[in-house]
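Engineer: Need a 3D model of the sequence below.
(one chain, ligands or ions: 1)
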Amino acid sequence: MSKVITSKKAPDAIGPYSHGNVFGELIFTSGQLPVCKEKGGIVDGGVAEQSRQSLENLRSVLEAGGGDMNTVVKTTCYLANIDDFAAFNKVYAEFFTTECPARSCFAVKDLPMGALVEIEAIAYRK
Ligand SMILES: C=C(N)C(=O)O
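Structural biologist: This is a model prediction of the structure:
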């Protein structure tokens, strides 16, 4: 049986999905948009600021599920513009410093709320 994760720190879902789910020792997060919970809406700035916010939101969901950035085994990253790949990687590397998780990264046509980035992860519980 899976258990829904609800983070007090991550922004509310914008549709019919949870922040994530725990199944056994595994954590599956929903895609985290660069939404600032305090201010509401997409964080100001470009892809670097948005990537940082998405990763902070991801961290909050992982922690609510009993994991952290060090227990991530796989991420899937969506960019609205592949030209942002280098700038995205630079911020991503601040959050995953050693033994990086597996990753897939795609440019997609559009993301919800006009976001430039969305990131989801699979992790294990500590
Ligand atoms: C933002 C999302 N994770 C969604 O719409 O599914």
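
Engineer: only C-alpha atoms for contact and neighbour calcs from this point on.
Structural biologist: Fine.

Engineer: Skipping adjacent residues, who's closest to the residue of the chain found nearest the ligand in space?
Structural biologist: Of all residues in the chain, Gly31 sits closest to the ligand, with a separation of 3.8 Å (CA to the nearest ligand atom). When the adjacent residues along the chain are set aside, Gly31 lies closest to Glu120, with 4.2 Å between them (CA to CA, 6 or more residues apart in numbering).

Engineer: Give the other helices and strands that the helix or strand hosting that neighbour contacts.
Structural biologist: Assignment of secondary structure by DSSP states H and E places Glu120 within strand 117-124. Judged by 3 or more CA pairs under 8 Å, 6 or more residues apart in numbering; DSSP states H and E, the packing partners of strand 117-124 are strand 26-29, helix 47-64, strand 72-79.

Engineer: Turn these into JSON lines, columns for distance to the ligand and mean neighbour count.
Structural biologist: As requested, these are exported to JSON lines (distance: least, CA to the nearest ligand atom, whole Å; neighbours: other CA atoms under 10 Å):
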{"stretch": "strand 26-29", "distance to the ligand": "9", "mean neighbour count": "24"}
{"stretch": "helix 47-64", "distance to the ligand": "11", "mean neighbour count": "23"}
{"stretch": "strand 72-79", "distance to the ligand": "11", "mean neighbour count": "20"}
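
Engineer: I'd like those as CSV, with mean pLDDT and distance to Ala87 appended.
Structural biologist: Output for the helices and strands packed on strand 117-124, formatted as CSV (pLDDT from 0 to 100; distance: least, CA to CA, whole Å):
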stretch, mean pLDDT, distance to Ala87
strand 26-29, 98, 23
helix 47-64, 98, 6
strand 72-79, 98, 11
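
Engineer: For Gly45, the count of nearby residues, please.
Structural biologist: Neighbour count for Gly45, taken as other CA atoms under 10 Å: 8.

Engineer: Three-state assignment for it, please.
Structural biologist: Remark: Gly45 carries the secondary structure label coil [criterion: DSSP: H, G, I helix; E, B strand; the rest coil].

Engineer: gap between it and Cys100?
Structural biologist: Separation of Gly45 from Cys100 (CA to CA, to the nearest Å) stands at 26 Å.

Engineer: Flag every residue of the protein that's near the ligand.
Structural biologist: Remark: the part of the chain in contact with the ligand comprises 15, 30-33, using CA under 6 Å from any ligand atom.
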